[in-house]
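>>> Fold the following and give me the result.
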Amino acid sequence: MIKNSDKKQEQEEVPELLTLQEACDLLKVHPNTLRQWDNNGTLPAIRIGAKRVRRYRKEDIINYLKSHS
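Numbering: from 1, shown residues only. This next block holds a predicted model:
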């Protein structure tokens with residue numbers, strides 16, 4: 001049996017994923033810039049689904065902002 005606290009801990013471990021536009025809004029950059037950063041490894045994206053849409057970990061965005069401010 002899974003305890004309520006175990007479920008909460010499991011949910012906290014799952015990173016919140018942002019769309020390309022949400023990430024761009026936080027970083028204040030153009031979508032093409034973020035795509036380029038993904039392609040060159042500056043800020044890698046996660047590819048999801050058959051269409052391989054980009055998603056960005058919120059934690060990665062926050063860490064990037066902290067290290068580049």
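>>> So which bits of the lengthiest strand in the chain are buried?
In the chain, taking DSSP state E as the definition, the longest strand is strand 53-57. Buried positions in strand 53-57, judged by neighbour count with 16 or more other C-beta atoms under 10 Å: 54-57. C-beta: built from backbone N, CA, C; applies to glycine.
>>> by contact count, what packs against that strand?
Counting contacts by 3 or more C-beta pairs under 8 Å, 6 or more residues apart in numbering; DSSP states H and E, strand 53-57 packs against strand 17-18, helix 20-27, helix 31-40, strand 46-48.
>>> what packs against the first one?
It stands for strand 17-18. Judged by 3+ C-beta pairs under 8 Å, 6+ apart, the packing partners of strand 17-18 are strand 53-57, helix 58-67.
>>> try 6 Å
Helices and strands in packing contact with strand 17-18 are not found; criterion 3 or more C-beta pairs under 6 Å, 6 or more residues apart in numbering; DSSP states H and E.
>>> The longest one now?
In terms of contacts (3+ C-beta pairs under 6 Å, 6+ apart), helix 31-40 is packed against helix 20-27.
>>> so where's the chain uncertain?
Residue ranges of the chain with pLDDT under 70: 1-14.
>>> Enumerate the beta-bridge partners assigned to the closest residue to residue 45 other than its chain neighbours.
Counting by C-beta to C-beta, 6 or more residues apart in numbering, the nearest residue to residue 45 once its immediate chain neighbours are dropped is residue 54, at 3.8 Å. Under the criterion DSSP bridges, residue 54 forms beta bridges with residue 47.
>>> Quick check: residue 54 vs residue 38, distance?
Distance of residue 54 to residue 38, computed by C-beta to C-beta, to the nearest Å: 6 Å.
>>> Mutual contacts of these two, please.
residue 45 (C-beta atoms under 6 Å, 6 or more residues apart in numbering).
>>> Test my guess that the residue nearest to residue 45 contacts residue 20.
Yes. Using C-beta atoms under 6 Å, residue 54 and residue 20 qualify as a contacting pair, with a distance of 5.2 Å.
>>> Tell me how far residue 59 lies from residue 23.
12 Å.
>>> who's more crowded, these two?
Per other C-beta atoms under 10 Å, whichever of residue 59 and residue 23 has more neighbours is residue 23, with 25 against 10.
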